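Enquirer: coords please:
(chains A and B)
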Amino acid sequence: GAGVSQSPSNKVTEKGKDVELRCDPISGHTALYWYRQRLGQGLEFLIYFQGNSAPDKSGLPSDRFSAERTGESVSTLTIQRTQQEDSAVYLCASSAESGQMNTEAFFGQGTRLTVV
Amino acid sequence: AQKITQTQPGMFVQEKEAVTLDCTYDTSDPSYGLFWYKQPSSGEMIFLIYQGSYDQQNATEGRYSLNFQKARKSANLVISASQLGDSAMYFCAMREIYNFNKFYFGSGTKLNVKP
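Expert: Okay, the predicted model is just below:
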């Protein structure tokens, strides 16, 4: 596709269940980011991928959160044993990592996660 | 300390008027880049404009311009001739040369354009 695609767009889950959020970046983009956006707040960095490697996982809030990327393409963010505090919009972005400071990140529409 | 501070949670502007959205940043890196994104109610993030720390001139992109004051560490977005479609959340973001992989985002400013 032409842009970053995320699925599902909305997810309602029961507390304690596991969820998987998917991101399809722009083809050829080597850098991939996950952010969390709580209601009315800014973007909170979760994890960064360069290719299939995650050199920066510093933003993952707990060991219930994990992410992987395969084929230098699709990425999956997994939240285990979801809690109500996990309710947020999860945004994925990709970037043609050229090493240039002005390379912007392109964002998907996000997955709105609601934990009930 | 916050890397990016946006002190205006919400703003109103009359259609066709100009509006300035404030952004201050905190970094000690010698090189950095500043970005502004627009987030309409649909949720996607739309890149608007970029300013590099070594750029001599303020960035401009159509109706968007960036009032970059390096000594004050501010990078305010100016939208000229506001349109109803400009109503959205606006986020200021920064990446630093020594932490290149991260985009730091502010908390955003919600702009409402009144007809």
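Enquirer: who does the helix or strand of chain B with the lowest mean pLDDT pair up with?
Expert: Ranked by mean pLDDT, DSSP states H and E, the helix or strand of chain B with the weakest confidence is strand B:99-105, at a mean of 84. Strand pairing for strand B:99-105, determined by DSSP bridges: strand B:88-96 (antiparallel).
Enquirer: Buried ones in the partner strand, by neighbour count?
Expert: B:Ala88, B:Met89, B:Tyr90, B:Phe91, B:Cys92, B:Ala93, B:Met94, B:Arg95, B:Glu96 (16 or more other C-beta atoms under 10 Å in any protein chain shown). C-betas here are computed from N, CA, C, even on glycine.
Enquirer: now swap in stretch A:27-39 and tell me
Expert: Quick answer for stretch A:27-39 (16+ other C-beta under 10 Å): A:His29, A:Ala31, A:Leu32, A:Tyr33, A:Trp34, A:Tyr35, A:Arg36, A:Gln37.
Enquirer: Please apply the same query to stretch B:105-115.
Expert: So stretch B:105-115, judged by 16+ other C-beta under 10 Å, has buried residues B:Phe105, B:Gly106, B:Ser107, B:Gly108, B:Thr109, B:Lys110, B:Leu111, B:Val113.
Enquirer: For chain A, list the residues in contact with chain B, please.
Expert: A:31, A:33, A:35, A:41-43, A:45, A:48, A:50, A:55-56, A:89, A:91, A:93, A:99, A:101-102, A:104-110, A:112 (C-beta under 8 Å from any C-beta of the partner chain).
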